[in-house]
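Engineer: Let me see the structure of the following:
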Amino acid sequence: MQQIDMNSDEFQAQLEKTWSFVEKVNKQFGWVQNPNDEVNEGVTMGLARNKLIYGKQFCPCFMVIGETKEEQKAADNRVCPCKPAIEKEIPEDGLCHCGIFCTPEYAAAQAQHDEIEEVVHQHSRGLTTEEAAVLLKEEQLDGDELEALIEAKNLGMVNFTLVDTREHMEFKMGHIVGTDILVPTSQFYAKVEALAGKKKENIIVYCHSGSRSFQVQHAMKGMGFENVCNLRPGIIGFSGETQRG
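Structural biologist: Reported below is the predicted structural model:
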């Protein structure tokens, strides 16, 4: 296998050509680049490397099959922009397998998601109302995300019902401040009736490690609850305010 010196003039010249190729593809198909610059840089470098080694811009996320050009052609290796990306991946998922080409809609949503992640994990500021609403659409939340949502709820920006699915004894030993109701997993079908009027509202469930509440989440969705988030890994991964009693 040919070794490529990334600092060589040859590679740097090919890398510049590859960036121009990426821009041309985006313009041709109406796509944009991934909002994550590391993804774009890694894929572009891989494309430049494959061009120098094989003479084609094979997708760098897949192994190149075949020793000779004839074998590589017969193996139907992906050449960027590849047919699966054009016909299926980008129309259906919003981005190609390698991630460098995206629809504008996907890129905007991903950029917003990345911004929310930075806010809740770096604690650089509070969530905006729009960001809190987006976060409530997630299937799984971590402790920082729930803490940020509780703050947003206390500020009147969003509303949700926080449900503890552990047992009464566990609740007494310590629960998240802001918990609205206890629905023990062992009594789920009897106690969940108290939430019957909230099937279209936002609900967040939690337990000790996220396992029981994950089961409750899916049971509730099966009963018609539309917006149920689960805290993973449960209260043990929550560093916000808790209380006994």
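Engineer: Quick one: distance of the longest helix seen in the chain to the chain centre.
Structural biologist: Ranked by residue count, the top helix of the chain under DSSP state H comes out as helix 9-29. Computed by C-alpha atoms, centre = their mean, to the nearest Å, the chain-centroid distance of helix 9-29 equals 28 Å.
Engineer: Tell me the buried residues in it?
Structural biologist: Neighbour-count burial for helix 9-29 flags 11, 14, 15, 18, 19, 21, 22, 25, 26 (criterion: 16 or more other C-beta atoms under 10 Å). To be clear about C-beta, it is placed using only N, CA and C from the backbone, and glycine gets the same treatment.
Engineer: Put the alpha carbons of it into PDB.
Structural biologist: The C-alpha trace of helix 9-29 is given here as PDB (Å, rounded to 0.1, in the frame of the first residue of the first chain):
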ATOM      1  CA  ASP A   9       3.400  19.400  -1.800                       C
ATOM      2  CA  GLU A  10       1.700  16.700  -3.800                       C
ATOM      3  CA  PHE A  11      -0.800  15.900  -1.100                       C
ATOM      4  CA  GLN A  12      -1.500  19.500  -0.200                       C
ATOM      5  CA  ALA A  13      -2.100  20.300  -3.900                       C
ATOM      6  CA  GLN A  14      -4.500  17.400  -4.200                       C
ATOM      7  CA  LEU A  15      -6.200  18.400  -0.900                       C
ATOM      8  CA  GLU A  16      -6.900  21.900  -2.400                       C
ATOM      9  CA  LYS A  17      -8.400  20.300  -5.500                       C
ATOM     10  CA  THR A  18     -10.600  18.100  -3.300                       C
ATOM     11  CA  TRP A  19     -12.000  21.100  -1.400                       C
ATOM     12  CA  SER A  20     -12.900  22.600  -4.800                       C
ATOM     13  CA  PHE A  21     -14.500  19.300  -5.800                       C
ATOM     14  CA  VAL A  22     -16.600  19.400  -2.600                       C
ATOM     15  CA  GLU A  23     -17.800  22.900  -3.300                       C
ATOM     16  CA  LYS A  24     -18.700  22.000  -6.800                       C
ATOM     17  CA  VAL A  25     -20.700  18.900  -5.700                       C
ATOM     18  CA  ASN A  26     -22.600  21.000  -3.200                       C
ATOM     19  CA  LYS A  27     -23.500  23.600  -5.800                       C
ATOM     20  CA  GLN A  28     -24.500  21.000  -8.300                       C
ATOM     21  CA  PHE A  29     -26.900  19.100  -5.900                       C
END
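Engineer: Low-confidence bits of the protein, can you list those?
Structural biologist: 1-2 (pLDDT under 70).
Engineer: Okay, domains of it per the record?
Structural biologist: 9-102, 131-243 (automatic domain parsing).
Engineer: Enumerate every residue touching residue 162.
Structural biologist: Residues in contact with residue 162 (C-beta atoms under 8 Å, 6 or more residues apart in numbering) are 150, 176, 178, 179, 180, 181, 204, 206.
Engineer: sorry, back to before: okay, the domains of the chain in CSV with distance to residue 111 next?
Structural biologist: Below are those laid out as CSV (distance: least, C-beta to C-beta, whole Å):
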stretch, distance to residue 111
domain 9-102, 4
domain 131-243, 12
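Engineer: With respect to residue 113, which of these lies nearest?
Structural biologist: Each of the domains of the chain has some distance to residue 113 by C-beta to C-beta; the shortest is domain 131-243, at 7.5 Å.
Engineer: nearest residue to residue 157 other than its sequence neighbours?
Structural biologist: residue 129 (4.4 Å; C-beta to C-beta, 6 or more residues apart in numbering).
Engineer: same question but for residue 66, I mixed them up
Structural biologist: In space, residue 66 is closest to residue 72, 3.7 Å off (C-beta to C-beta, 6+ apart).
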